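1. what follows is a predicted structure for the sequence shown.
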Amino acid sequence: MSKSSFLLGVILGGAAATAAAIKLTDTTPQQLKEAAIEKFDDFMESNDFDTATLKDRAVSSVDDLKQRGMELANRANNKFNPDLEEMDEDLVIDNMAEATPYEKPTEVFMPHKIQE
């Protein structure tokens, strides 16, 4: 969902809720606006709403997520792409491959025929 679609939905939803509240109750738009501002102020006071603190917490959370993502990517990279230095000890070369003659690959489902 794009930001513009979300914003349009918020605006239309808010307008519909406001219209319904005005029609269903005996309040004026001014009274409804004042009540909403009062509720918002009460919420900010009761929850110690501080934008600087919330911003700092969000930045630290993003930094933590970046660090965890980098660690996870490094672990996956090390697991699926081991270093060649570690593989040198396990590397075995088959010297018998040179002694056997090369046979051309055949097509799928075709019987293998030896040509003389």
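-> Cool, the structure landed.

2. pLDDT on stretch 70-89, on average?
-> Averaging pLDDT along stretch 70-89 yields 72.

3. stretch 9-26 too?
-> 86.

4. likewise for stretch 33-42?
-> The average pLDDT for stretch 33-42 rounds to 87.

5. from here on, call the first residue 197.
-> I'll keep to 197 as the first residue from here, and by that count the last item is stretch 229-238.

6. where along this protein do the helices fall?
-> Secondary structure of the chain (DSSP state H): helices at 199-220, 225-242, 247-276, 280-283.

7. can you redo the ones you listed as a markdown table with mean neighbour count?
-> Where you see a C-beta, it was placed from the backbone N, CA and C, and this is true even at glycine. A markdown table is the format used below for the helices of the chain (neighbours: other CB atoms under 10 Å):
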| stretch | mean neighbour count |
| --- | --- |
| helix 199-220 | 10 |
| helix 225-242 | 11 |
| helix 247-276 | 10 |
| helix 280-283 | 8 |
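
8. might you report the residue contacts of M266?
-> Counting by CB atoms under 8 Å, 6 or more residues apart in numbering, M266 makes contact with nothing.

9. what about it, distance to D260?
-> 11 Å (CB to CB, to the nearest Å).

10. same check, this time on K251
-> For K251, the distance to D260 equals 15 Å [CB to CB].

11. could I get stretch 246-265 in CSV with only the CA atoms?
-> The C-alpha atoms that make up stretch 246-265 are tabulated as CSV, following Å, rounded to 0.1, in the frame of the first residue of the first chain:
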residue,chain,number,x,y,z
ASP,A,246,8.3,13.4,24.8
THR,A,247,9.2,13.5,21.1
ALA,A,248,12.9,13.7,21.7
THR,A,249,12.9,10.5,23.8
LEU,A,250,10.8,8.7,21.3
LYS,A,251,13.1,9.7,18.5
ASP,A,252,16.2,8.5,20.4
ARG,A,253,14.5,5.2,21.2
ALA,A,254,13.5,4.7,17.5
VAL,A,255,17.0,5.5,16.3
SER,A,256,18.6,3.1,18.7
SER,A,257,16.1,0.4,17.7
VAL,A,258,16.9,0.9,14.1
ASP,A,259,20.6,0.7,14.8
ASP,A,260,20.1,-2.5,16.8
LEU,A,261,18.1,-4.0,13.9
LYS,A,262,20.8,-3.1,11.4
GLN,A,263,23.5,-4.7,13.6
ARG,A,264,21.4,-7.9,14.0
GLY,A,265,20.8,-8.0,10.3
